[in-house]
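>>> Got a predicted structure here, sequence first:
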Amino acid sequence: MSNLKNKLNLKMKGTIKKDLENEANKGKDTRFLNYYDLKFNEKMKVLIIPDANGDLWKEFKLHGPNLKNRKVGTVNCAYTSSGEECPACQHGFSLLDMERETGDIEYRNEAKRWFGREYTIMSVLVLDSPVEIQESPDGNQVKLMYVPYGIRTAIKEAIVESQVDESELTSTPFVIKKTKNQGGQAAYDASYFARETVTDEDLEFFEDLKVEQYDYNDLDIIPAPSTTDEVQEWLDKALPIIEEFGYDVDTKESKGKAEEKASPKAKLASKLARNKKEEQEDDGDQEQEQNEESEPDPEPEKKERPSAGSLRERLMKAKQG
């Protein structure tokens, strides 16, 4: 053997392939299934795995993603997560009121941005795939996945229409098929349940591997339920950010450049929300004064929501101001 080889340590630690894979996956949550790597018309066969509590999947709704401004962050919808009134949803409803009052469809577009985006998380075991599946750090073969609308719809329809027996739902392979929609974007609504249940041969491969169910209640990526006050605090911070920078902006841009992208109606929407909050605070102060002066009614009437007309009047005053 060459003296130079003896002198130098030419044996590498680890493997090049593994190091390159780790570098490529840096910043990614590799617990999630990379079904999106399928080419158009390719298929991936998976088995739906319920979580440790027997839940098929976990659904939640976040306010913030539709604003497309990372600086505002996100918050769990108070109504869907805890059953409390959600100020972010109410702000969206107020903008819809403005659309009905003015006939300006832009207010509907504004409202959509403030409503929550729905997410569904499911667990699967990959039985067959034409693409390499990214490996979880702990080696767990059960993969999480954000369920696209087309797949969620296909599963629900199969259950409702009895295409697959509910008792066989988790033993019948589901085929994820990637196709193109009319706009040329990826779609998964052609996905379907296989006709036959999973066989022992299909599962033999996993016998010596780690296969553990997740617990959706303890999953770190699912936000905790929010209260009305927590959403209101988020809304109070988000409104001035959107008023200043607008939507669909890179928050790293300079302030002057970002201001050019701010929508006039985004600014008006922000003022509308502030005016509504001030009115609610004024109503609260007046109610407190009345309670101090007299005994409360045994069955107080439920306060009505401000009319669209009054909202418009305050908005126009704010615009003139």
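Noted; the coordinates are in hand.
>>> Only C-alpha atoms from now on, for both contacts and neighbour counts.
Noted.
>>> Check which helix or strand T30 maps to.
In the assignment (DSSP states H and E), T30 maps to no helix and no strand.
>>> Helix or strand: which one has Y119?
Per DSSP H and E, Y119 falls inside strand 117-128.
>>> Tell me what angle the helix or strand just after that strand forms with strand 117-128.
Using DSSP H and E, the helix or strand that follows strand 117-128 in sequence is strand 142-146. Angle, strand 142-146 to strand 117-128, by axes from the mean of the first three to the mean of the last three Cα atoms, to 10 degrees: 150 degrees.
>>> Where do the strands of the protein begin and end?
For the chain, the strands defined by DSSP state E cover 43-48, 57-63, 75-76, 117-128, 142-146, 174-177, 179-180, 186-187, 192-193.
>>> helices and strands around the strand holding Y119, which ones?
strand 43-48, strand 57-63, strand 142-146 (3 or more Cα pairs under 8 Å, 6 or more residues apart in numbering; DSSP states H and E).
>>> Output those strands in CSV, with mean pLDDT and distance to E230 appended to each entry.
Below are the helices and strands packed on strand 117-128 laid out as CSV (pLDDT from 0 to 100; distance: least, Cα to Cα, whole Å):
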stretch, mean pLDDT, distance to E230
strand 43-48, 98, 34
strand 57-63, 97, 12
strand 142-146, 97, 25
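>>> I'd like to know which of the ones you listed lies nearest to Y192.
For those, the distance to Y192 is smallest for strand 43-48, at 9.7 Å, taking Cα to Cα.
>>> List the contacts of that closest one.
Contact with strand 43-48 is made by 35, 38, 56, 122-130, 169-178, as judged by Cα atoms under 8 Å, 6 or more residues apart in numbering.
>>> Paired strands for it, with orientation please.
strand 117-128 (antiparallel), strand 174-177 (antiparallel) (DSSP bridges).
>>> Highest mean neighbour count out of the ones you listed?
Among the strands paired with strand 43-48, strand 174-177 has the highest mean neighbour count (mean count of other Cα atoms under 10 Å), at a mean of 23.
>>> Please name whichever of the strands paired with strand 43-48 is nearest to E233.
strand 117-128 (18.8 Å).
>>> what's the angle between the closest one and strand 57-63?
For strand 117-128 against strand 57-63, the angle by the same axes, to 10 degrees is 150 degrees.
>>> Mind exporting the C-alpha coordinates of strand 117-128 to PDB?
Provided in PDB are the C-alpha atoms of strand 117-128 (Å, rounded to 0.1, in the frame of the first residue of the first chain):
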ATOM      1  CA  ARG A 117     -57.800  28.800   5.200                       C
ATOM      2  CA  GLU A 118     -58.800  25.200   6.000                       C
ATOM      3  CA  TYR A 119     -56.200  22.500   6.500                       C
ATOM      4  CA  THR A 120     -56.600  18.700   6.800                       C
ATOM      5  CA  ILE A 121     -53.800  16.500   8.100                       C
ATOM      6  CA  MET A 122     -53.900  12.700   7.600                       C
ATOM      7  CA  SER A 123     -51.500   9.800   8.200                       C
ATOM      8  CA  VAL A 124     -50.600   7.100   5.600                       C
ATOM      9  CA  LEU A 125     -48.400   4.200   5.000                       C
ATOM     10  CA  VAL A 126     -46.900   4.100   1.500                       C
ATOM     11  CA  LEU A 127     -47.400   0.700  -0.100                       C
ATOM     12  CA  ASP A 128     -46.100   1.600  -3.600                       C
END
